[in-house]
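pasted the sequence and its predicted model underneath.
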Amino acid sequence: MRVLIVESQSDLARIWQNHLERMGMNVARCAGQAGAIRHLSTHHTDIIIMDLVLGEGSALAVADYASYRQPKAQVIFVTNTSFFSDGSIFSHAPNACAFVQSATPPEDLAAMVEHYGAGSEQSGAA
């Protein structure tokens, strides 16, 4: 499974990456919108873990680009804010499959990636 982590806090992204790689997943990481768009333009991705509030750019713009460029890729949004706590994120980003707090234990996040990514694994390059 190919996972892209889009997270401005590098320490948090590294924790998630290490956990997912121990489970045998291929993981790439970037800090903001520009890096995510570059990655999605050239790399096949099954699932994206993305902070809703990025230090650079817009998470919704990345999700929108992903839905166009890689329509089977699912997005797990993470946040430490109350934005979209009403569940409306699923209306704004049709490729959103989950919305969790940044403090979610890495093993729980990994289980979600495994669950949602299993249905969206793609074949071939994007």
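Alright, I've got the coordinates.

only C-alpha atoms for contact and neighbour calcs from this point on.
Will do.

can you find the helix or strand in this protein with the smallest mean pLDDT?
Ranked by mean pLDDT, DSSP states H and E, the helix or strand of the chain with the weakest confidence is helix 89-92, at a mean of 76.

and the average pLDDT for the next helix or strand after it is what?
Once helix 89-92 ends, the next helix or strand along the chain (criterion: DSSP states H and E) is strand 96-101. Per-residue pLDDT over strand 96-101 has a mean of 89.

where does pLDDT dip in this protein?
82-88, 119-126 (pLDDT under 70).

now the least confident helix or strand of the chain: buried residues?
By neighbour count on 16 or more other CA atoms under 10 Å, the buried set for helix 89-92 is I89.

what packs against that helix?
strand 96-101 (3 or more CA pairs under 8 Å, 6 or more residues apart in numbering; DSSP states H and E).

who does the strand it packs on pair up with?
strand 74-79 (parallel) (DSSP bridges).

next one: stretch 72-85 to chain centre, how far?
8 Å (CA atoms, centre = their mean, to the nearest Å).

just the CA coordinates of it, formatted as PDB?
Provided in PDB are the C-alpha atoms of stretch 72-85 (Å, rounded to 0.1, in the frame of the first residue of the first chain):
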ATOM      1  CA  LYS A  72      -9.400   6.100  -5.900                       C
ATOM      2  CA  ALA A  73      -7.100   7.600  -3.300                       C
ATOM      3  CA  GLN A  74      -8.900   8.100   0.100                       C
ATOM      4  CA  VAL A  75      -8.100  10.900   2.600                       C
ATOM      5  CA  ILE A  76      -7.900  10.500   6.300                       C
ATOM      6  CA  PHE A  77      -8.000  14.000   7.700                       C
ATOM      7  CA  VAL A  78      -6.400  14.700  11.100                       C
ATOM      8  CA  THR A  79      -6.700  17.900  13.100                       C
ATOM      9  CA  ASN A  80      -6.100  19.300  16.600                       C
ATOM     10  CA  THR A  81      -8.800  21.900  16.100                       C
ATOM     11  CA  SER A  82     -12.600  21.900  16.100                       C
ATOM     12  CA  PHE A  83     -13.000  22.800  12.400                       C
ATOM     13  CA  PHE A  84     -15.400  20.500  10.700                       C
ATOM     14  CA  SER A  85     -16.200  18.700  14.000                       C
END
